[in-house]
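Student: Need coordinates for the below:
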Amino acid sequence: MNRRIVAGVILLIPLSYIYGLSVLSIFMGGQSVVTPLLLFVSLVVNLLVMGGSSILCVRVLYGGGAGRVFRNLYFRKEGAIRSAVTGIFAAVAFLFILSLAIYALQSTGYETENGMADEIADSITLPLLFAVPLLSALSEEMFFRAFLQMRLAKYGQPFAIVVSSVLFGIAHLSYGNLLQVVVPFIFGIVLGYLMMKNENIVAPFSAHFAFNFIQLAAVFLS
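Tutor: Model (predicted):
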């Protein structure tokens, strides 16, 4: 069977999982119960589905051993430190701008609170403070940036960044808040640019990790 067909069939697994859950959450009215154990298990499942599917697709498309597979997913030592510093700086800058934007929205009376996000924050323990941003950033950057975006890059970098960012934003529909879709979309643009600029998953991963960690740490410490 053609390698692209096989990879396409594999790709249906994470797409069905991600957007099937999002649609299901809409019909459920965004109702959910979040516990530390459930949160951790869901993150591990996300990594297995999104990260695992990305690895399988790349293995099918390009062949080779583990080293070649991960290199095709842009796990690269070259420029890793520079990519990490760039990613963290981008996350801090984005958070600063986002804070100003949210403050401006709140001053107009716009409701920015989100029930699911609050439940997740309330479920954070010290181990999860590191596990949540680590696992979420790894699974999502492997799938949306290192796999999807970089395969779409042959149609043009702006196209690849926008499409992957749109899909990234829609994947957050389960939060049941428009802002929780718009912000990931915009942040996805930043992450996509970092991926293209550095050609190293360390850059968007570091930015994604820092973005989530700083927000969770602020809630945890308060």
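Student: L56 - how many residues pack around it?
Tutor: By other Cβ atoms under 10 Å, the residues close to L56 number 17. Where C-beta positions appear, they are placed from N, C-alpha and C, glycine not excepted.
Student: Make sure it is actually in contact with I10.
Tutor: Yes. Between L56 and I10 there is a contact under Cβ atoms under 8 Å: 5.1 Å.
Student: quick one, what contacts the residue nearest the centre of the chain?
Tutor: By Cα atoms, centre = their mean, the chain has its centre lying nearest to E140, at 3.4 Å. For E140, the contact set (Cβ atoms under 8 Å, 6 or more residues apart in numbering) comprises 46, 50, 168, 171, 208.
Student: Any idea which helix or strand in this structure has the lowest mean pLDDT?
Tutor: Ranking every helix and strand in the chain by mean pLDDT, DSSP states H and E puts helix 115-122 at the bottom, with a mean of 73.
Student: in terms of contact count, name the helices or strands touching that helix.
Tutor: Applying 3 or more Cβ pairs under 8 Å, 6 or more residues apart in numbering; DSSP states H and E, one finds that helix 115-122 contacts helix 202-221.
Student: Please tell me how far S42 sits from Y17.
Tutor: Noted for S42: a distance of 11 Å to Y17, by Cβ to Cβ, to the nearest Å.
Student: Helix or strand next in line after the least confident helix or strand of the chain, which one?
Tutor: helix 126-140 (DSSP states H and E).
Student: Okay, angle between that next one and helix 115-122 too, please.
Tutor: Helix 126-140 and helix 115-122 are oriented at 130 degrees to each other (axes from the mean of the first three to the mean of the last three Cα atoms, to 10 degrees).
Student: re earlier: look up how far N2 lies from the residue nearest to the centre of the chain.
Tutor: Per Cβ to Cβ, E140 is found 28 Å from N2.
Student: Show the average pLDDT along the lengthiest helix in the chain.
Tutor: Secondary structure of the chain per DSSP state H: the longest helix is helix 80-107. For helix 80-107, the mean per-residue pLDDT is 96.
Student: Likewise for stretch 213-222?
Tutor: 90.
Student: Output that stretch as CSV, restricted to C-alpha atoms.
Tutor: The C-alpha trace of stretch 213-222 is given here as CSV (Å, rounded to 0.1, in the frame of the first residue of the first chain):
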residue,chain,number,x,y,z
PHE,A,213,4.1,26.9,33.4
ILE,A,214,4.1,30.6,34.3
GLN,A,215,0.3,30.7,34.3
LEU,A,216,-0.1,27.6,36.4
ALA,A,217,2.7,28.6,38.8
ALA,A,218,1.0,32.0,39.4
VAL,A,219,-2.2,30.2,40.4
PHE,A,220,-0.4,27.5,42.4
LEU,A,221,1.6,30.0,44.4
SER,A,222,-1.4,32.2,45.0
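Student: in that stretch, what's buried?
Tutor: Under the neighbour-count criterion of 16 or more other Cβ atoms under 10 Å, stretch 213-222 has 213, 215-216 buried.
Student: ok, those residues vs V181, which is closest?
Tutor: For those, the closest approach to V181 (Cβ to Cβ) belongs to Q215, at 16.7 Å.
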